[in-house]
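J.: Here's my sequence, what's the structure:
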Amino acid sequence: MISLSSQAFDLAGHIVLNARIENPYQAERRGSVTATLDQDVHVYDAGFCVGDQTLTATLRRPSRETLDHLTYLVSHYPDLILCCEAGVFRARVKFEAKSGVCALAFRLIERLD
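T.: Numbering: from 1, shown residues only. Next up is the predicted model:
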């Protein structure tokens, strides 16, 4: 189950989806590795940040009401509160529905739990 909520009070600002996050546990550090002219490498490490993660989910056969509600939330709020098995996050939400499948992407901004 995935729950999306607005941060502000809104009677229509909440939805519970019968879907699971496909990649709930992932981690990557910010940084880069650059080859140098002397056959060596320079490693730059900026550390770990929750904001570098995008969680994805798939909702099978969503109803028209569900799609309208998701459209409302995405169009009225720049970011939403995402509750899922991996935790509670502030996230930017994107979705695309086609052929009876709704693909959801949650770009994490910060961890709230």
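
J.: in this protein, which spans are strands?
T.: Along the chain, the stretches classed as strands by DSSP state E are 2-5, 14-17, 29-35, 41-48, 54-60, 80-84, 87-98, 101-111.

J.: for the fourth one, packing partners?
T.: Think strand 41-48. Here strand 41-48 touches strand 29-35, going by 3 or more C-beta pairs under 8 Å, 6 or more residues apart in numbering; DSSP states H and E. Just so you know, the C-beta spots here come from the backbone N, C-alpha and C atoms, and that holds for glycine as well.

J.: Direction included, what does the strand it packs on pair up with?
T.: Strand pairing for strand 29-35, using DSSP bridges, gives strand 41-48 (antiparallel).

J.: how far is the partner strand from where the chain is centred?
T.: On the basis of C-alpha atoms, centre = their mean, to the nearest Å, strand 41-48 sits 25 Å off its chain's mean C-alpha point.

J.: Contacts for it next, please.
T.: 27-36 (C-beta atoms under 8 Å, 6 or more residues apart in numbering).

J.: Try it again at 10 Å.
T.: With contacts defined as C-beta atoms under 10 Å, 6 or more residues apart in numbering, strand 41-48 is touched by 27-36, 52.

J.: now stretch 16-31
T.: By C-beta under 10 Å, 6+ apart, stretch 16-31 touches 1-5, 43-60, 62, 66, 69-70, 82-87, 95, 102-104, 106.

J.: Report the rounded mean pLDDT for that stretch.
T.: Across stretch 16-31, pLDDT averages out at 87.

J.: Same check on stretch 35-49?
T.: 90.

J.: wait, what's in contact with residue 61?
T.: Applying C-beta under 10 Å, 6+ apart, we find residue 61 in contact with 100-102.

J.: Make a markdown table out of those and add distance to residue 15.
T.: What follows is the contacts of residue 61, written out as a markdown table (distance: C-beta to C-beta, whole Å):
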| residue | distance to residue 15 |
| --- | --- |
| 100 | 19 |
| 101 | 17 |
| 102 | 12 |
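
J.: Quick check: PyMOL command selecting the buried ones in those.
T.: PyMOL command restricting these to the buried ones, with burial defined by 16 or more other C-beta atoms under 10 Å:
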select buried, resi 102
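
J.: Right, I'll leave it there.
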